[in-house]
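Student: here are the coordinates; sequence isn't available:
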């Protein structure tokens, strides 16, 4: 911990976080102390966390696939389970030279792929301007380009037929279940990043339908989905003409559908 920490204040912060329902209050307190630069900033961070703001929004960053990714208020927080999507992409296309992070949120997936692959042409796109601004900062170290717009409409036409990895972390919560999400997500993350329509697969269908036009021969498109939706997602990819497989991580509760252009 930093010099801001002492026994009394540490105990008070842990108590405040625990009273607010933070299960890992000690760990969160340590992160807050390590991030805060002044006592006033420390107090404000504790207040925001106790009020239910996501820890990542309070800190201003999230750990993802070995990277520290910037995350601003109102931006979708990258989940640890999505690291499984990154691993599946790297296994499928280890030599990809063009990477697109669609529905990019913070740009965490694109940044992680670029960090692992090395010299790639990286593009990230999202319909939410706040997400695009955040992603732009996270992919800048890799020479990435951030675009605002609705799915493929946001991308430069020159990417058609050239994309080696198209990672699309689409929203997949059914509309009627959004209200059942934890308050941190429901109240502080954009609805457009959560709501996948009636059955949760509306955006996934659009990605599957458009992906073949943008993929290079042998290129792959990957999406995350729930266990309940996985079978339907596989069928959607297959009907789009993609060679399809489902990968599951029981440890991370992650289901990733990969489609490859023949």
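Tutor: Received the coordinates, thanks. This structure is a prediction, so every number in the text was calculated from the model and none was measured. Residues are numbered from 1 along each chain as shown.

Student: make it CA atoms for all contacts and neighbour counts henceforth
Tutor: OK.

Student: what are the bridge partners for residue 256, then?
Tutor: Here residue 256 sits in beta bridges with residue 224, residue 247, as judged by DSSP bridges.

Student: test my guess that it contacts residue 237.
Tutor: No - using C-alpha atoms under 8 Å, residue 256 is not in contact with residue 237; the gap is 11.8 Å.

Student: need the residues touching each of these two.
Tutor: When C-alpha atoms under 8 Å, 6 or more residues apart in numbering defines a contact, no residue borders residue 256 and residue 237 alike.

Student: now do the strands in the stretch 151-262 of the chain.
Tutor: In the stretch 151-262 of the chain, strands defined by DSSP state E, counting those that start in this stretch lie at 163-168, 215-225, 243-249, 254-260, listed in chain order.

Student: most packed of these?
Tutor: Mean neighbour count (mean count of other C-alpha atoms under 10 Å) peaks for strand 163-168 among the strands of the stretch 151-262 of the chain, with a mean of 28.

Student: strand partners (parallel or antiparallel) of it?
Tutor: When DSSP bridges is applied, strand 163-168 pairs with strand 98-102 (parallel), strand 215-225 (parallel).

Student: residue 117: what's it in contact with?
Tutor: Applying C-alpha under 8 Å, 6+ apart to residue 117 gives the contacts 90, 94, 95, 96.

Student: got it, and residue 148?
Tutor: Per C-alpha under 8 Å, 6+ apart, neighbours of residue 148: 125, 126, 127, 128, 129, 132, 154.

Student: now tabulate the strands of the stretch 151-262 of the chain in a markdown table and tack on distance to residue 46.
Tutor: Output for those, formatted as a markdown table (distance: least, C-alpha to C-alpha, whole Å):
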| stretch | distance to residue 46 |
| --- | --- |
| strand 163-168 | 34 |
| strand 215-225 | 32 |
| strand 243-249 | 34 |
| strand 254-260 | 31 |
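
Student: to residue 27, which of the ones you listed lies closest?
Tutor: Of all the strands of the stretch 151-262 of the chain, the one in closest proximity to residue 27, counting by C-alpha to C-alpha, is strand 254-260 (24.3 Å).

Student: ok, the closest residue to residue 174 other than its chain neighbours - how many residues close by?
Tutor: Closest residue to residue 174 apart from its sequence neighbours, by C-alpha to C-alpha, 6 or more residues apart in numbering: residue 200 at 3.9 Å. When counting by other C-alpha atoms under 10 Å, one arrives at 23 neighbours for residue 200.

Student: isn't residue 200 right next to residue 170, touching?
Tutor: No - counting by C-alpha under 8 Å, residue 170 is not a contact partner of residue 200; they are 9.4 Å apart.

Student: which stretches of this structure form helices?
Tutor: 7-19, 25-35, 39-50, 55-59, 83-92, 108-117, 129-139, 183-188, 202-214, 230-239 (DSSP state H).

Student: buried ones in the last one?
Tutor: Residues of helix 230-239 classed as buried: 230, 233, 234, 236, 237, 238 (neighbour count, 16 or more other C-alpha atoms under 10 Å).
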